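> Dropping the sequence and predicted coords here.
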Protein chains: 2
Amino acid sequence: MPTLASNFKAEISTLIANKDSAGLKAKLAPWLPSDVAPILSELPIEQLAMLFRGCTKELAAATFSYLEHNAKHKLLKTLTQPQAAALLNELPADDRTTFLNELPLELAMQMLGLLTPEERKVAQDLLAYPEHSVGRMMTLDYVAVRPDWTVREALDYIRTHGYDRETLNMVYVTDESGHLLDDIRVRRFLLAEFDTPVRALMDGNFASISPNDDREKALVVFRKYDRAALPVVDTDSKIIGIVTADDMLDVAAEEATEDIQKLGGSEALDEPYTTIALTKMVKKRASWLVVLFLGEMLTATAMSYFEDELAKAIVLSLFIPLVISSGGNAGSQAATLVIRALALGEFRLRDWWKIMRRELAAGLMLGLILGTIGFLRIIIWSRFSHIYDPSPFRVATTVGAALVGIVLWGSLMGSMLPLLLKKLGFDPATSSAPFVATLVDVTGLIIYFTVALFIML
Amino acid sequence: MPTLASNFKAEISTLIANKDSAGLKAKLAPWLPSDVAPILSELPIEQLAMLFRGCTKELAAATFSYLEHNAKHKLLKTLTQPQAAALLNELPADDRTTFLNELPLELAMQMLGLLTPEERKVAQDLLAYPEHSVGRMMTLDYVAVRPDWTVREALDYIRTHGYDRETLNMVYVTDESGHLLDDIRVRRFLLAEFDTPVRALMDGNFASISPNDDREKALVVFRKYDRAALPVVDTDSKIIGIVTADDMLDVAAEEATEDIQKLGGSEALDEPYTTIALTKMVKKRASWLVVLFLGEMLTATAMSYFEDELAKAIVLSLFIPLVISSGGNAGSQAATLVIRALALGEFRLRDWWKIMRRELAAGLMLGLILGTIGFLRIIIWSRFSHIYDPSPFRVATTVGAALVGIVLWGSLMGSMLPLLLKKLGFDPATSSAPFVATLVDVTGLIIYFTVALFIML
């Protein structure tokens, strides 16, 4: 694979300025659209428009899909209406859906108007499915054959009806009304004798997804069946499109990014970290930070109730960060593990008591480990320091016992909160590590001071 | 898609006990291996062995790949040597690599011994690549043709050399020595006239990966090029295998799970949360919790330096959890965003100063927002309460100013630490949210008390 020279952009720029379309064609030919698109995205918009007017519509469509969103947007506004129409009509249906989807509604309707009646119908159908649904990602470029055809007839059909864009890895078998009967790898057609009926290649085994399925659910199905493409069928079992594994890779990345960003205690950015506008990013981060901050204010309230006890034993305040952060850490761990297991479809909500039993056991063990370390640390240091006087043993017992309780409590809260959120219809990833930590901070303080009241005061 | 009846396992069990192999075949026929494997995994091992001895070797191999690891392991030990050998030789090369890889070395060598000389060579080649490398995931079942063949010759070759397992979505064009010249979608062969030379279908545009690439890097390449499969080439540009997009979906899920679990402050579990042994899980979680706990102990140390100041102004202690957790939350956010952007290949290490500049600005804005809220909260509450006396304004200013500093500091630490870890060759995801929070807790306390010293004392 050759690499793009650093002066590539400048050379393209010069060729465009000279209107040297032969030179441009020669310059672009050895490159994949996905390689050149980021560089073309950086060109001044008039140059980009000149380029798109000059090149073949196939190249224009292939490159357009990979351009940055802003470049796409500006480019379409710069092109004349017939030029824009030609480009939009040439785009693969799923890429076009994604693009239209990101436009302001008014502009999207305008773009829809540029499509041919057929393509407009396709786009409207795809746009009618809910956001993040399988329907939005599907493409209509699949090939379906009938069971009573011969392999030769099927291959002839594929040859004449071969669409131009998506993978043709699977051939679908349907009856006259379009009900999906089977999927057959295209290689089986290649390996079979010409006179074999399609029926003989069928095994009746196939997996399918629904257009209303959430794309995260589709991801679980894809991983389970290891397919390069899955057929999308309506409630009547009729095939209405396919979704391909390479598109699912983008979905997998986006879904993981969303979950990770939420787990990290911010809203999902929905744009790359490196290119999102600073104020937009600050807004998305500030909203959660403020919520957490307001929640964390309750720690001050909780502590003010124990002000008299604190005044009597300042030594207690030394361990506040240690004790509550341990609860928060245990809670973050449990929340993260449970949220990821939920996203991977490892268990169902009704198994919540299994999770609770596990976390009760794990939380108790983890609490005992940390409690023991905390206890020993204070006992040992009291030999060398007088800050724990008059009763280092009581301080050590208070901190140790509080740790057991708080870590256990943190693990329970961290594991049950995502399940509760899911049950209530929210995204479980919203119960981010910082969110759980904040909850556990407040309740942890109450546990700590209550234990202290019993043991020390 | 029909659903498995709940008594399916019992029925299979009875059929096996009755040695009714015709009944078994009929019972299993309508199901995909990935559907029945989890249920078969639950059968007693003797029954599973009887089943595998009875069924066709194709079905056995297809089902084996989807069995739980423990069931695989036990099953192979129960089968006679020739039976195990037949099964192993039938497995797809990449599934076999994964399986051998999970076995203790001695057992893996024994299994290697069961393979035919050809298959053994394939397995050894694949195992020689580093863990999590592309080499470990590749399969050798691709078809390569020569540029001077006609489409008819190529199709005939595909028909006679069609391997049996992996997707045949792409056909590769090589010269006599195996140098990769191009990849062509199989559909283009189907759509072309029989007499067209292969050369005429070539455009010389193809993407490839190296067997030593980390699979996470391969993921970035897959997402960039939207391919169903990518060819793997050695340093001499010779094709040595392919990797398919459906396998990459599993990689994407595993890599995201690893990152998410590390971000949540535990070691990657490497097994599903729901099935990992409790003690094993506690061990993986305890190690990080203990490290964080030991780090967090420094907060007690830091606070003991300020004990006199604390005694003079107990009111300061009320805001300790609020102030330090805000720094921790800001740090978690920044760390998570940067770690994810790194994993997605959004920027390179040498751009660290761009990130730093962004986080300086974002951290300052976020700090000002939280600082203002904190300041106002104390001023307003001081009208209704006397706990901030004698000088609520000073308390408010201390908390507000400390918040600005700590949130800014947390954002900087959170964003720079992953970059530092990556630079040093560690996995950036190790700088988990709790890890950053702990670091920021300790330094945050110092910032808080230093500000307090200037303003209040």
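That came in fine, so what should we check first?
> Could you use CA atoms for every contact and neighbour count after this?
Noted.
> Check what pLDDT residue A:362 gets.
At residue A:362, the model reports a pLDDT of 93.
> Helix, strand or coil: sort out it for me.
helix (DSSP: H, G, I helix; E, B strand; the rest coil).
> hang on, isn't it packed against residue B:280?
No: in this structure residue A:362 lies outside contact range of residue B:280 using C-alpha atoms under 8 Å: 10.2 Å.
> So which of the two has more stuff around it?
Set residue A:362 next to residue B:280 and count neighbours by other C-alpha atoms under 10 Å in any protein chain shown: residue A:362 wins out with 25 against 12.
> Enumerate every residue touching the more buried one.
Residue A:362 makes contacts with A:408, A:411, B:278, B:281-282, as judged by C-alpha atoms under 8 Å, 6 or more residues apart in numbering or on different chains.
> redo that, cut-off 10 Å
Contacts for residue A:362 (C-alpha atoms under 10 Å, 6 or more residues apart in numbering or on different chains) come out as A:330, A:334, A:356, A:368, A:407-408, A:411-412, B:278-279, B:281-283, B:285-286.
> Which single one of the residues you listed is nearest to residue A:47?
Of all those, residue A:47 sits closest to residue A:334, with 53.2 Å by C-alpha to C-alpha.
> Any part of the helix or strand harbouring that closest one near chain B?
When elements are assigned from DSSP states H and E, residue A:334 belongs to helix A:320-343. Yes: contact of helix A:320-343 with chain B (C-alpha under 10 Å from any C-alpha of the partner chain) involves A:320-343.
> Assign the residue of chain A most remote from its centre to one of the three secondary structure states.
For chain A, the residue at maximal distance from the C-alpha centroid (C-alpha atoms, centre = their mean) is residue A:390, at 55.2 Å. Of the three states, residue A:390 takes coil under three-state DSSP.
> Kindly report the same for residue A:230.
Put simply, residue A:230 is strand when judged by three-state DSSP.
> And for it, the neighbour number?
Residue A:230 sits with 23 neighbouring residues when counted by other C-alpha under 10 Å.
> pretty sure it contacts residue A:218?
Yes: when contacts are counted by C-alpha atoms under 10 Å, residue A:230 is listed as touching residue A:218 (9.0 Å).
> rewinding a little: what's the distance between the residue farthest from the centre of chain A and residue A:316?
Distance of residue A:390 to residue A:316, given as C-alpha to C-alpha, to the nearest Å: 13 Å.
> Then residue A:171?
The gap separating residue A:171 from residue A:316 is 71 Å, by C-alpha to C-alpha.
> hey, where'd the helices end up in the stretch 151-300 of chain A?
For the stretch 151-300 of chain A, applying DSSP state H, counting those that start in this stretch gives helices covering A:151-161, A:186-191, A:198-201, A:215-225, A:245-263, A:278-305.
> and the fourth one, is it in reach of chain B?
This means helix A:215-225. Yes: for helix A:215-225, a contact with chain B is found by C-alpha under 10 Å from any C-alpha, at A:219-220, A:222-225.
> So which elements touch that helix?
If contacts are counted by 3 or more C-alpha pairs under 10 Å, 6 or more residues apart in numbering or on different chains; DSSP states H and E, helix A:215-225 sits against helix A:134-137, strand A:229-233, strand A:239-244, helix A:245-263, helix A:320-343, helix B:33-41, helix B:245-263.
> Taking helix B:320-343 as reference, get the angle to the fifth one.
Note on geometry: by axes from the mean of the first three to the mean of the last three C-alpha atoms, to 10 degrees, helix A:320-343 and helix B:320-343 are set 40 degrees apart in direction.
> Give me the angle between helix A:320-343 and helix A:245-263.
Using the same axes, to 10 degrees: helix A:320-343 against helix A:245-263 is 160 degrees.
> ok and helix A:320-343 relative to helix A:215-225, angle-wise?
Note on geometry: by the same axes, to 10 degrees, helix A:320-343 and helix A:215-225 are set 70 degrees apart in direction.
> Could you double-check that residue A:314 lies in contact with residue B:318?
No: under the criterion of C-alpha under 10 Å, residue A:314 makes no contact with residue B:318, lying 12.0 Å away.
> who touches both of those two?
Common neighbours of residue A:314 and residue B:318 (C-alpha under 10 Å, 6+ apart) are residue A:307.
> For stretch A:89-98, measure first residue to last.
14 Å.
> Now do the strands in the stretch 1-150 of chain A.
In the stretch 1-150 of chain A, the strands defined using DSSP state E, counting those that start in this stretch lie at A:144-145.
> Up against chain B, what does it have?
Checking the stretch 1-150 of chain A against chain B by C-alpha under 10 Å from any C-alpha, the hits are A:1-2, A:29-35, A:66.
> redo that, cut-off 6 Å
Residues of the stretch 1-150 of chain A found near chain B (C-alpha under 6 Å from any C-alpha of the partner chain) are residue A:32.
> same thing with the stretch 201-350 of chain A?
A:226-228, A:245-246, A:264-265, A:282, A:296, A:300, A:303, A:318-319, A:322, A:329, A:332-333, A:336.
> picking up where we left off before, show the buried residues in the residues of helix A:215-225 next to chain B.
If you count burial by 16 or more other C-alpha atoms under 10 Å in any protein chain shown, the buried members of the residues of helix A:215-225 next to chain B come out as A:219-220, A:222-223, A:225.
> and which of those is nearest to residue A:419?
Nearest member of those to residue A:419, counting by C-alpha to C-alpha, is residue A:220, at 18.7 Å.
> how close does the closest one sit to residue A:341?
12 Å.
> do the same with residue A:315
Per C-alpha to C-alpha, residue A:315 is found 41 Å from residue A:341.
> pLDDT score for the nearest residue to residue A:37 once chain neighbours are set aside?
Closest residue to residue A:37 apart from its sequence neighbours, by C-alpha to C-alpha, 6 or more residues apart in numbering or on different chains: residue A:67 at 5.1 Å. For residue A:67, the model assigns a pLDDT of 78.
> And residue A:67, how far from chain B?
With distances taken as C-alpha to the nearest C-alpha, to the nearest Å, residue A:67 is found 12 Å from chain B.
> Surely that residue and residue A:35 touch.
No: using C-alpha atoms under 6 Å, residue A:67 is not in contact with residue A:35; the gap is 10.2 Å.
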